[in-house]
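Asks: Structure for the following, please:
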Amino acid sequence: MSTVPSSAKRLPLVRPPLASQTSGLAAAEGQFLAALGRYVRELRENQNLTRKILAQKANVSERYLGQLESGEGNISIVLLRRIAVALHVPLASLFPVERAVPDTRLQRIVLIGLRGAGKTTLGSMLATHLSVPFIELDQEIEREAGLPIGEIFTLYGQAGYRRIERRCLERVLAAYKRAVIAIGGGVVSEDETFHLLLTRCYTVWLKATPEEHMARVIAQGDLRPMAGNTEAMADLKRILTTREPLYRKADVIIDTSRQNQKDSLAVLQNVIEKKMTVA
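Replies: From the prediction side, this is the model:
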């Protein structure tokens, strides 16, 4: 009869991690990378360094630095050390999650989504609740251009409009340390501007069904969607399908479908207040 060595009996039973554990670990790592990226960006901006200059000083690629600041990709400790040296800070100081650094993006809350999502209505009520200014970027764009949005597109085209939009957004972010900002739904299609929002603001996607988007716009008095309704609805669904993967990059998604304004506002306030409490 064979015997099992006593040393073998003491070996612990190793089990593979549960799917829930793996998912939780991935979420925690994602939060860590996002916080790390924000902290590096804040250090760079406080030292008035462009991303290109810091990349050169740290001897890393600008692409790597961009991934680091946006919380994407794997982080090499050697390259991270180079950035710490270039910023004249200890390597350990670049780990903001461990030091519970507040999420400064919560100072500015940006609402994104298609027309009819409730950005203006919910945004103004949230701003009142938080006692901060409410900024509707479309109005800032019209004020700067001296023209209605439609005429800006007609005169300058989409590229021209996006340039004005980016300029106005940068001005608003520089002028307001705390605010609730409603911004046009197409901003997600402009990579650099959307990246600016994701890294400098806490973004909320106000989501609704295409049918509710259409109904709300018409209820606001805009009867243009009624002309060729079938074709307009098809266009709306196509736009929503195309933009949905981008909208999902927002920090939080709130579905306003089949909800009145009061209920949607309660959900929005609850999400923001919980996040602020944790931060």
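Asks: number of nearby residues for residue 113?
Replies: Neighbouring residues of residue 113 were enumerated by other CB atoms under 10 Å; the total is 26. For glycine as for every other residue, the C-beta is placed from the backbone atoms N, C-alpha and C.
Asks: centroid residue for the protein?
Replies: Taking CA atoms, centre = their mean as the criterion, residue 198 is the residue nearest the geometric centre of the chain, at 3.2 Å.
Asks: what about the helices in the stretch 51-200 of the chain?
Replies: Remark: helices assigned in the stretch 51-200 of the chain by DSSP state H, counting those that start in this stretch are 51-58, 62-69, 77-86, 119-130, 137-145, 149-175, 191-200.
Asks: sorry, back to before: hmm, residue 70 and the residue nearest to the centre of the chain touching each other?
Replies: Yes - under the contact definition of CB atoms under 8 Å, residue 198 touches residue 70, with a separation of 7.0 Å.
Asks: Let's verify residue 237: helix, strand, or coil?
Replies: For residue 237, the secondary-structure state derived from DSSP: H, G, I helix; E, B strand; the rest coil is helix.
Asks: For it, list the residues it contacts.
Replies: Neighbour list for residue 237: residue 210 [criterion: CB atoms under 8 Å, 6 or more residues apart in numbering].
Asks: measure it to residue 209 for me?
Replies: In this structure, residue 237 and residue 209 are 10 Å apart, going by CB to CB, to the nearest Å.
Asks: do residue 169 as well
Replies: In this view, residue 169 and residue 209 are 28 Å apart by CB to CB.
Asks: Compare the two (neighbour count), which wins?
Replies: Neighbours per residue, other CB under 10 Å: of residue 169 and residue 209, the larger number sits with residue 169, 24 against 15.
Asks: tell me the contacts of that one?
Replies: Taking CB under 8 Å, 6+ apart as the criterion, residue 169 is in contact with 137, 183, 193, 196, 197.
Asks: rerun that using 7 Å as the cut-off
Replies: Contacts for residue 169 were tallied using CB atoms under 7 Å, 6 or more residues apart in numbering; they are 137, 193, 196.
Asks: what separates it from residue 193, distance-wise?
Replies: Applying CB to CB, one obtains 6 Å for the distance of residue 169 from residue 193.
Asks: top of the contacts of residue 169 by neighbour count?
Replies: Neighbours here mean other CB under 10 Å. Within these, the largest count is held by residue 193, at 20 neighbours.
Asks: Enumerate every residue touching that one.
Replies: 162, 165, 166, 169, 187.
Asks: could you dump those residues to TSV with pLDDT?
Replies: Output for the contacts of residue 193, formatted as TSV (pLDDT from 0 to 100):
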residue	pLDDT
162	93
165	94
166	94
169	94
187	93
